[in-house]
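> Sequence and computational prediction follow.
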Amino acid sequence: QVQLVESGGGLVQAGGSLRLSCAASGLPFSSYAMGWFRQAPGKEREFVASINWSGARSSYSDAVKGRFTIFRDNARNTVYLQMNSLKPEDTAIYYCAAAQSPANYYRSYDYWGQGTQVTVSS
């Protein structure tokens, strides 16, 4: 079965950095676009970033553009989210997801990980 397992979350001070990883198994990883979403308490799930199958094209939400970078290593079946200049409003559970093509809408994604908590203190 398909598994997406996120790691790398934690507690960091504002201005700090974290790198999230998402290891995939059970699917042809290099054929799938990958995305990162986040959900804060009481809020809807929000698009963060997506990347196409080859890694040549990526897209970001306005909230994270210029601070976050999504990239992938198809040899390791892993997608990453490098998060710099973190702000308290970045606090959320971060989810990775797999889709047939890159998208900003969560319903476009077929598979989801269990999420990893990111907390940014002020």
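Received, thanks.

> In contact with the spatially most central residue of the chain, which residues?
Here the mean C-alpha position of the chain is nearest to the C-alpha of residue 36 (C-alpha atoms, centre = their mean), at a distance of 2.5 Å. Contact criterion C-beta atoms under 8 Å, 6 or more residues apart in numbering gives 20, 22, 48, 49, 50, 70, 79, 81, 94, 95, 96, 97 as the residues in contact with residue 36. Any C-beta I mention is one placed from the backbone N, CA and C, and that applies to glycine too.

> Hmm, the first one is touching residue 9, no?
When you say that, I think you mean residue 20. Yes: here residue 20 reaches residue 9: they are 6.4 Å apart, a contact under C-beta atoms under 8 Å.

> Tell me how many other residues crowd residue 91.
With neighbours defined by other C-beta atoms under 10 Å, the count for residue 91 comes to 18.

> measure it to residue 76 for me?
When C-beta to C-beta, to the nearest Å is applied, the distance between residue 91 and residue 76 equals 28 Å.

> Quick check: neighbours shared by residue 20 and residue 9?
For the pair residue 20 and residue 9, residues contacting each of them under the criterion C-beta under 8 Å, 6+ apart are 94, 116, 118.

> before we move on, the earlier item: okay, and the residue nearest to the centre of the chain sits in which element?
Remark: residue 36 resides in strand 33-39, with elements defined by DSSP states H and E.

> can you give me the offset of that strand from its chain's centre?
The gap between where strand 33-39 is centred and where its chain is centred comes out at 4 Å by C-alpha atoms, centre = their mean, to the nearest Å.

> go on, stretch 13-20?
What separates the centre of stretch 13-20 from the centre of its chain is 14 Å, taken as C-alpha atoms, centre = their mean.

> One more: stretch 19-30?
The mean C-alpha position of stretch 19-30 is separated from the chain mean by 11 Å, C-alpha atoms, centre = their mean.

> picking up where we left off before, the more surrounded of residue 20 and residue 9?
Comparing residue 20 with residue 9 by neighbour count (other C-beta under 10 Å), the higher total belongs to residue 20, at 24 against 18.

> for the more buried one, what are its contacts?
Taking C-beta under 8 Å, 6+ apart as the definition, contacts of residue 20 comprise 6, 7, 8, 9, 36, 80, 81, 83, 94, 96, 116, 118.
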